[in-house]
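Novice: Can you look at this prediction? I've put the sequence above it.
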Amino acid sequence: MSRRLRRRVSKKGKEKVVVHSYTEFEEEVSTSERNGDVDWTCLPDDTVIQLFSCLNYRDRASLASTCMTWRCLSASPCLWNSLDIRAHKCDSVMASSLASRCRNLQKLRFRGAESADAIIFLQARNLREISGDYCRKITDATLSVIAARHELLECLQLGPDFCERITSDAIKQIAFCCPKLAKLRLSGIRDVQGDAINALGKHCPHLMDVGFLDCLKVDELALGNVASLRFLSVAGTSNVKWNVVSQVWHKLPNLVGLDVSRTDIGAAAISRLLSLSQSLKVLCALNCPVLEGDANFAAPKIKGKSLLAHFTDIFEGIASLFVDITSKGKTVFLDWRSSEKTHKSMDEMMTWFEWILSHSLLRSAENNPQGLDDFWLKQGAPLLLILMQSSQEDVQERAATGLATFVVIDDEHASIDRGRAEAVMRDGGIRLLLDLAKSWREGLQSEAAKAIANLSVNVNVAKAVAEEGGIDILASLARSMNRLVAEEAAGGLWNLSVGEEHKGAIAEAGGVKALVDLIFKWSSGGDGVLERAAGALANLAADDKCSMEVARAGGVHALVMLARNCKFEGVQEQAARALANLAAHGDSNGNNAAVGQEVGALEALVQLTRSPHEGVRQEAAGALWNLSFDDRNREAIASAGGVEALVALAQTCSNASPGLQERAAGALWGLSVSEANSVAIGREGGVAPLIALARSDAEDVHETAAGALWNLAFNPGNALRIVEEGGVPALVHLCSSSVSKMARFMAALALAYMFDGRMDEYALVGTSSESTSKIVSLDGSRRMALKHIDTFIHMFSDRQAFTAAAASSAPAALAEVTEGARIQEAGHLRCSGAEIGRFIFMLKNPSVLKACAAFALLQFTIPGGRHALHHAKLMQNAGAARVLRATAAAATAPLEAKIFARIVLRNLEHHQAESSKGI
C-alpha cells in the first residue's frame, strides 16, 4: 500500500521517519518564480515523496537524476523499506549501486539465481522478509550466505517453482543464523531431513508458519516436534507417511491450520487429525484424489473445526470459524477485511488461508485435473476473484495468474473454456483485473494483464474488457519499461485485436505506436514481447486504416528488422504475417510498395520460406504472394531468389497443411504474372509440384494451384510441360469437380491456353519421331480438355434463359444470363494486354474455345468488377468489338458464344459511357 505523508512525516507501524528540508529546494523555487517558469520542484517535500512511493526503484532513480532536491528526497529512508527487483536483471554491480539506499530495507522480492547471488551486495542487514521465485538454480551456498548475512530475517519464501538444488544443509544453516525466523516456505526440496527440521525447532523459537510444498520427502516425525508451529503446509508433497502423521501431528499444541492439498492423504488420516487435535481449527485438503475417491467418506462435523475440500462448501467452512461475523458464504472474506474488530489469531488464520488457497488453486489450474468444472464454476472462480482483493500482494498476483491459467484448455491453439471465462466476467472479474492492472505495482500489472489477455480470447469477455476501458489500460501498460508488463499487455492487445470492432479503438488509444515502440525497445532478448507485439500488429494490419497507422508509426521498418534478425520462430512467424497483412490492401494504400522498398525485406522473406518451422514458411510465402501484386516487387522477389525458393517450397509441401500449400501456390501464381518469371518457374521444376497441389482436397489450394497453372500455361513451353507432367487430368478434374467456381474457371482457362494451337507449334520442335509421339499424345489430351471445357461452359448455361436472350434483344434477358453466369471472385482477376489479346484471338477458333473465350471476357468486363474498366480499355485498344460482333452474328457459332459475346459488347458500351461521363 502506498503511504500518505503529512507534514513531512511518514508513518510505518510505530516507526517515524522525518524527512528533512533542503536549502537547494528554496533556492530553486525562488529562481523559478523570478523566471516565471513552472518548476516541479515547487511541490512540497511530502508530496514528492508520496509520488516517489508509487514508483518502482528504476523510475524513482530516473526522476532523482533531474535535480539535487529530488535526488535527496528519493533517498529518503521511508521509500526504501521495500524493494522489488524481479523485473530487472540484478547483478552484483547493480546491487552495489543500490546499497547506500538499502540500510533500512526490510522487505525484498527477487527473481532467479543471479539476483539471489547479488542480495548480499545490497548490504541490507536489517532485512526482515525475503521472497524469491524462479529459484531452480539457487544453491545451498547462496542460500546459506543469505541467511548468514541477514540474522534478523523473520520470513523466507522461495517458490512456487521448485528449489531443486537446495538441500537440508541450507535449511540447517537458516536455522542456525536466523533465530527470529517466524515463517519459512520452500517449494520443491528433494528431501527435508529430520536434523534440519529439528534445528529449526531448536534455534527458531518464534517459528509459527512452515510450508514444505511439492517436496519429494519430508520427515513427518521431526515436524511433529516443532511445538511452536501454528500453520503447516505440505501441499503437493509426495511420499508422506500418513500413519505417522495421524499419530504425531495432532499432538502439536499450537497447530491451528494444516494444509495437505494435492497429496494422497486418505479418509482415516483426515478423521484422526480432526478428531484428536485439540488446537486444529482448519484442515485444507483440496484436490486430494484418494480422499475424493472414497465414496464412503463423510467429513466429521466437529464444532469449531472445518475441512476444506472440493466436495465441501469452502466459504461456509471458513465462515463457521467466526463467532462474531453474522454473514455467511462468499462474503466472509469481505466481511473480515472490513471488520472494525481486530482479533490477532483470526487475522493470522485468514491471512494464512489466503496464501494457501491462492497457492493450491494456482497449482490446480496449472495441472488442470479432470472433473473439476463444477468446482471451478461454483467455488474456484469466486475464490480467485476474492483473493485478488487481498492485502497481500503475492496472493493477489497468484490469484490473477490462477484466473489466467484455469480458463485455458489448449495453450498452443489459444483455446479457452467459455463457461469459465464468462463466469469470471459475470462475477465482476473484469473490473477487478483492470483495477489491478492500474496498480503501480508492476508484479500485479503483469499478472492482471496476463489474465485479461487470456480471458479476451472469448469474444464476449473481449467486448466487456473494451467497454470497461481495458484497451486504454493495456495500451498504457504496453509502454511500460518493465518487459514482463509490456509483454503481457501486448498479449492482451493481440487477443483483443482479433475482433474487427476493437482494432480502431486500439489505434485511437495509441496502441499501434506502443506496439511498434516495443519492437525497437526489446529488439534483442525479448522473444515473448516481440512475438506478442508482432502478432498484435499483424491483426491490426489486416484493417486498412490501421495498416496505414502501422506504417506511419514505423511498423514496416520494425517488422522487417524482426524478419531479418530475429531467430525465434514465433517472432519470425508473426513478423511475416504482419508484413503479409500490410501488403494485402492492394490499391487502397501504399504499404505493399513500402514493404518491398524496405531494405532487406524481400530477401528476409525469401529466406524465411526455407525455415524448418511450417508456420514461418506459411506466413513468409503469404507475404511474398501479397507483395507480388506490385510490379516492382514481383521482379525484385525473383531477383532475390524467390522463384527458386518458392518452387522448392512447393516441392516439399505436398503433405503440409492446406494453409502452407495455398500460400506456396499463391506466391508462384503471383510471380508467374510476369512472363520471365513464368518461364523461370517452369525451368526450375515448378510445374510438377503445382500439379500435385491441384490434386489437393482443399478448395483454397485448388484456386491458387489452378491460378498458377493458368499463368504458366500462357507460355507454350510451360504448357507442354504441364501435359508431359500429367497436368491435363488434374486440370480436367478441377474443371469438372472442384467445389470452387474460381478453381473450375481458371482450370478451364489453363486448358484453353494449352490447346488453342500455340503449344502445337512448340511441340513440333525436335526429331521427327519425337514430334510424332508428342502430337499423338497432345491429340488425346486435347479431346479430353475440350470436352470438359464444353461441360464447364454448359454449367453456366440455363437453356431457357439463353433461348429467351437469343429471341430478344431486350437488356433484361441478357441481364438474366449475366447473373446466372457470373463468378463473383473473377472480378478480382487482372489480365494483361497480351492475355486479353489471346482471348480475342480464341473468339475466331471454331471449337468450343470460342464460347470459353467469350465466357472469360464476360467475367472480366462485368460492371463493378475491380479491373473491369482496365479490361474494357485493353479490349477497345485491341479492336475487340469487331470480333465480338462477328462472333455474335456467326451462324455456326455455339449459342453460348453468341450470347456471351453480345453481353460483352454491352459491357464495353457501358464502360465507354461511364468513361465519357468521367471526362
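Specialist: Structure's in. What do you need?

Novice: now the strands for this structure?
Specialist: Taking DSSP state E as the criterion, the chain carries its strands at 9-12, 15-18, 82-84, 107-111, 129-133, 155-158, 183-187, 209-213, 231-233, 257-259, 282-284, 306-308, 408-410, 415-416.

Novice: Switch these over to JSON lines; also include distance to Phe792 and mean neighbour count.
Specialist: Any C-beta I mention is one placed from the backbone N, CA and C, and that applies to glycine too. Compiled in JSON lines, the strands of the chain are given as follows (distance: least, CB to CB, whole Å; neighbours: other CB atoms under 10 Å):
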{"stretch": "strand 9-12", "distance to Phe792": "84", "mean neighbour count": "15"}
{"stretch": "strand 15-18", "distance to Phe792": "88", "mean neighbour count": "13"}
{"stretch": "strand 82-84", "distance to Phe792": "70", "mean neighbour count": "18"}
{"stretch": "strand 107-111", "distance to Phe792": "66", "mean neighbour count": "21"}
{"stretch": "strand 129-133", "distance to Phe792": "66", "mean neighbour count": "20"}
{"stretch": "strand 155-158", "distance to Phe792": "72", "mean neighbour count": "22"}
{"stretch": "strand 183-187", "distance to Phe792": "68", "mean neighbour count": "22"}
{"stretch": "strand 209-213", "distance to Phe792": "70", "mean neighbour count": "24"}
{"stretch": "strand 231-233", "distance to Phe792": "74", "mean neighbour count": "23"}
{"stretch": "strand 257-259", "distance to Phe792": "73", "mean neighbour count": "25"}
{"stretch": "strand 282-284", "distance to Phe792": "72", "mean neighbour count": "23"}
{"stretch": "strand 306-308", "distance to Phe792": "71", "mean neighbour count": "23"}
{"stretch": "strand 408-410", "distance to Phe792": "43", "mean neighbour count": "13"}
{"stretch": "strand 415-416", "distance to Phe792": "41", "mean neighbour count": "17"}
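
Novice: In a markdown table: those, plus distance to Ala623 and mean pLDDT.
Specialist: Below are the strands of the chain laid out as a markdown table (distance: least, CB to CB, whole Å; pLDDT from 0 to 100):
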| stretch | distance to Ala623 | mean pLDDT |
| --- | --- | --- |
| strand 9-12 | 56 | 32 |
| strand 15-18 | 59 | 36 |
| strand 82-84 | 41 | 90 |
| strand 107-111 | 37 | 94 |
| strand 129-133 | 39 | 95 |
| strand 155-158 | 46 | 96 |
| strand 183-187 | 45 | 97 |
| strand 209-213 | 48 | 97 |
| strand 231-233 | 52 | 98 |
| strand 257-259 | 53 | 97 |
| strand 282-284 | 53 | 96 |
| strand 306-308 | 54 | 94 |
| strand 408-410 | 27 | 85 |
| strand 415-416 | 26 | 89 |
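
Novice: For my notes, please list those strands in TSV and give distance to Pro612 for each entry.
Specialist: Shown next, in TSV, are the strands of the chain (distance: least, CB to CB, whole Å):
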stretch	distance to Pro612
strand 9-12	56
strand 15-18	59
strand 82-84	40
strand 107-111	32
strand 129-133	33
strand 155-158	38
strand 183-187	36
strand 209-213	39
strand 231-233	45
strand 257-259	46
strand 282-284	47
strand 306-308	49
strand 408-410	23
strand 415-416	25
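
Novice: So for Asp394, which of these sits nearest?
Specialist: The minimum distance between Asp394 and the strands of the chain falls on strand 129-133, with 6.6 Å, by CB to CB.

Novice: what about stretch 589-600, how long is it end to end?
Specialist: Stretch 589-600 has its terminal residues 21 Å apart, counting by CA to CA, to the nearest Å.

Novice: for it, what is the average pLDDT?
Specialist: On average, the pLDDT along stretch 589-600 is 92.

Novice: same check, this time on stretch 144-153
Specialist: 96.

Novice: Next: stretch 636-644.
Specialist: Mean per-residue pLDDT for stretch 636-644: 97.

Novice: what's in contact with it?
Specialist: Outside stretch 636-644, the residues that touch it by CB atoms under 8 Å, 6 or more residues apart in numbering are 596, 602-603, 606, 624, 627-628, 667, 671, 674, 676-677, 680-681, 684, 686.

Novice: and if we set it to 7 Å?
Specialist: Stretch 636-644 is contacted by residues Gly596, Leu602, Glu603, Val606, Leu624, Leu627, Ser628, Leu671, Asn677, Ala680, Ile681, Glu684 when judged by CB atoms under 7 Å, 6 or more residues apart in numbering.

Novice: in it, what's buried?
Specialist: For stretch 636-644, burial by neighbour count (16 or more other CB atoms under 10 Å) applies to Ala636, Ile637, Ala638, Ala640, Gly641, Gly642, Val643, Glu644.

Novice: Export those residues to CSV and append columns for distance to Ala505.
Specialist: Listed next are the buried residues of stretch 636-644 as CSV, based on distance: CB to CB, whole Å:
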residue, distance to Ala505
Ala636, 36
Ile637, 35
Ala638, 41
Ala640, 38
Gly641, 41
Gly642, 37
Val643, 42
Glu644, 44
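
Novice: so where is this structure shaky, pLDDT-wise?
Specialist: Residues of the chain meeting the criterion pLDDT under 70: 1-41, 324-328, 587, 761-777, 918-919.

Novice: Tell me which of the strands of the chain sits nearest to Val485.
Specialist: Counting by CB to CB, and looking across all of the strands of the chain, nearest comes strand 82-84 at 12.2 Å.

Novice: Pairing partners for that closest one, with directions?
Specialist: Paired neighbours of strand 82-84 in the sheet (DSSP bridges): strand 107-111 (parallel).

Novice: what's around His206, how many residues?
Specialist: By other CB atoms under 10 Å, 11 other residues sit near His206.

Novice: Next: Arg128.
Specialist: 17.

Novice: Same question for Arg617.
Specialist: 26.

Novice: what's near enough to touch it?
Specialist: Each residue near Arg617 by CB under 7 Å, 6+ apart is listed here: Leu608, Thr609, Ser611, Leu649, Leu660.

Novice: and what of Asn458?
Specialist: Ile416, Arg418, Ala421, Glu422.

Novice: of the residues you listed, buried ones?
Specialist: By 16+ other CB under 10 Å, the contacts of Asn458 give Ile416, Ala421, Glu422 as buried.

Novice: and the first one, bridged to which residues?
Specialist: Counting by DSSP bridges, Ile416 forms beta bridges with Val408.

Novice: My understanding was that it contacts Ala451; is that so?
Specialist: No - between Ile416 and Ala451 there is no contact under CB atoms under 7 Å: 11.2 Å.

Novice: Can you get me a residue count around Gly329?
Specialist: By other CB under 10 Å, the residues close to Gly329 number 11.

Novice: Relative to Arg634, how far out is it?
Specialist: 68 Å (CB to CB, to the nearest Å).
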